[in-house]
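Enquirer: next one to model:
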Amino acid sequence: MSTVTPLSAGAHLERRDLAFWMDQVLKELDSVRSSPKMDAVHDLRVAIRRCRSVAAAMEEIDPDPAWPAMRKVARKLFRALGALRDAQVMNEWVKKLGAENDPVRAHLQVSFESKEPELTEAAVRVVAKFDQRSWRRMGRTLRQRSRLVPPGSLTAECMALERFDAAKELHAKALRTEKPKPWHALRIGLKRFRYTVESLLPEHYALWSENLKRVQDLLGEVHDLDVLLGIVKKSDFVETEDSLNLWRETIGQERQRSIRTYRQLTLGKTSLWNLWRAGLPTNGRVEAAAEARLRATARAADPDLGRTSQVSRIAVAVYQALKRAD
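Expert: Below is the predicted model of the structure:
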């Protein structure tokens with residue numbers, strides 16, 4: 001059974017579903033148009049990422065073409081903002097890790113800051129061209145389609161459990177190595193789990209949001225530092241090799257600090273992974289959730305309720321037969 005404690009009747013539960021984030025994209029677009037600074041760019045990317053993540057999850061249930069269409073519309077904007085955001089984030093890390101009179105810091109800052117105007121101009125152009133009318137139209141369609149998976153439903157629990165299992169597997173792989181790619185993959189997997197819970201299991205998210213964000217931030221730091229290390233290694237800085245070696249060492253120490261904190265939070269009896277798993281379906285409820293997911297898929301594929309019922313029964317029978325075969 002789930003161990004998530006229901007919120008009290010008087011508790012305020014903020015609902016941040018797909019509709020919220022699609023509206024938020026339009027609001028953040030205006031902010032970036034007014035001032036494409038670091039926080040505005042970050043907030044717009046967050047809103048887009050939420051929308052695209054929910055769409056990717058819903059595509060597994062619902063074959064409606066509006067889901068991939070929405071992701072495609074947002075992709076170009078997301079990438080253009082990403083280049084600008086990366087330059088801004090790297091510049092902040094350089095300021096944090098190096099003393100003001102450090103020659104490597106000065107060199108890297110000049111490099112990042114010289115690129116920022118061009119990247120800003122490119123991002124603003126893409127923002128200006130973003131098809132808001134099409135986005136609103138898709139929003140109306142997808143609000144209806146998203147009702148196939150009611151918040152807090154068994155289907156929602158199944159989708160969250162699937163993303164939990166995928167992310168937990170990536171967690172195990174990352175812990176076995178220091179290489180960047182597995183840690184980056186874990187970061188992405190955790191985001192998918194977090195955003196699915198946020199959109200589809202709001203009561204769970206109200207209880208887990210703080211620790212989900214903390215772990216995601218730690219993995220984000222690891223990724224940022226891996227990117228910065230790659231930049232330092234390729235740097236054309238002409239001073240002594242000792243200066244660059246010191247930066248490599250400093251970046252490595254900061255990266256290890258983030259990984260140690262992540263391990264402290266996610267290993268042992270008090271592991272956050274154990275907390276999250278305890279709040280998701282177990283035992284017979286897993287099967288019930290899987291059956292609900294199959295029924296939702298059948299409803300999405302065929303709006304004829306009579307045929308949908310028949311397809312659902314067949315799908316459940318197939319699922320149960322495969323489960324027995326295992």
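Enquirer: residues of the host helix or strand of residue 30 that come out buried?
Expert: According to DSSP states H and E, residue 30 maps onto helix 18-34. Residues of helix 18-34 classed as buried: 18, 21, 22, 24, 25, 28, 29, 31, 32 (neighbour count, 16 or more other Cβ atoms under 10 Å). For the C-beta atoms, the positions are set from N, CA and C on the backbone; glycine is no exception.
Enquirer: break this protein down into its domains, please.
Expert: 15-148, 150-301 (the TED database).
Enquirer: what ranges does the stretch 51-200 of the chain have for its helices?
Expert: Using DSSP state H, counting those that start in this stretch, the helices of the stretch 51-200 of the chain run over residues 66-97, 103-129, 132-145, 154-175, 180-200.
Enquirer: distance-wise, check residue 39 relative to residue 68.
Expert: Using Cβ to Cβ, to the nearest Å, residue 39 is found at 30 Å from residue 68.
Enquirer: who has more neighbours out of the two?
Expert: residue 68 (13 against 10; other Cβ atoms under 10 Å).
Enquirer: just to check, the more buried one is in contact with residue 59?
Expert: Yes: using Cβ atoms under 8 Å as the test, residue 68 is close enough to residue 59 to be in contact (6.4 Å).
Enquirer: for the stretch 201-326 of the chain, what are the low-confidence residue spans?
Expert: 236-240, 303-326 (pLDDT under 70).
Enquirer: going along the chain, name the helices of it.
Expert: Applying DSSP H, counting those that start in this stretch to the stretch 201-326 of the chain gives helices spanning 202-233, 241-266, 272-278, 284-301, 305-325.
Enquirer: residue contacts, the closest residue to residue 233 other than its chain neighbours?
Expert: Closest residue to residue 233 apart from its sequence neighbours, by Cβ to Cβ, 6 or more residues apart in numbering: residue 248 at 7.2 Å. By Cβ atoms under 8 Å, 6 or more residues apart in numbering, residue 248 lies in contact with 229, 232, 233.
Enquirer: can you redo those residues as JSON lines with distance to residue 180?
Expert: As requested, these are exported to JSON lines (distance: Cβ to Cβ, whole Å):
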{"residue": "229", "distance to residue 180": "8"}
{"residue": "232", "distance to residue 180": "14"}
{"residue": "233", "distance to residue 180": "12"}
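Enquirer: can you turn the buried part of those into a PyMOL selection?
Expert: Selection of buried members from those for PyMOL, criterion 16+ other Cβ under 10 Å:
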select buried, resi 229+232
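Enquirer: just the contacts of residue 248 now: which is nearest residue 252?
Expert: Among those, residue 229 lies closest to residue 252 (Cβ to Cβ), at 7.4 Å.
Enquirer: in contact with that closest one, which residues?
Expert: The neighbours of residue 229, taking Cβ under 8 Å, 6+ apart as the test, are 248, 251, 252, 255.
Enquirer: same question, residue 46
Expert: Contacts of residue 46 by Cβ under 8 Å, 6+ apart: none found.
Enquirer: report how many residues lie close to the closest residue to residue 180 other than its chain neighbours.
Expert: In space, and not counting its chain neighbours, residue 180 is closest to residue 226: 4.1 Å by Cβ to Cβ, 6+ apart. Applying other Cβ under 10 Å, we find 16 residues neighbouring residue 226.
Enquirer: contacting residues for residue 226?
Expert: Shown in contact with residue 226 (Cβ under 8 Å, 6+ apart): 180, 183, 184, 255.
Enquirer: out of those residues, who's the most crowded?
Expert: When neighbours are taken as other Cβ under 10 Å, the top entry among the contacts of residue 226 is residue 183 (23 neighbours).
Enquirer: correct me, but that one touches residue 220?
Expert: No: using Cβ under 8 Å, residue 183 is not in contact with residue 220; the gap is 10.5 Å.
Enquirer: quick one on the thing from earlier: just the closest of the contacts of residue 229 to residue 284, please.
Expert: Using Cβ to Cβ, the contacts of residue 229 come closest to residue 284 at residue 255, 42.9 Å.
Enquirer: tell me the confidence at the nearest residue to residue 213 once chain neighbours are set aside?
Expert: Spatially, and ignoring its direct neighbours in sequence, residue 213 is nearest to residue 194 (7.7 Å; Cβ to Cβ, 6+ apart). For residue 194, the model assigns a pLDDT of 95.
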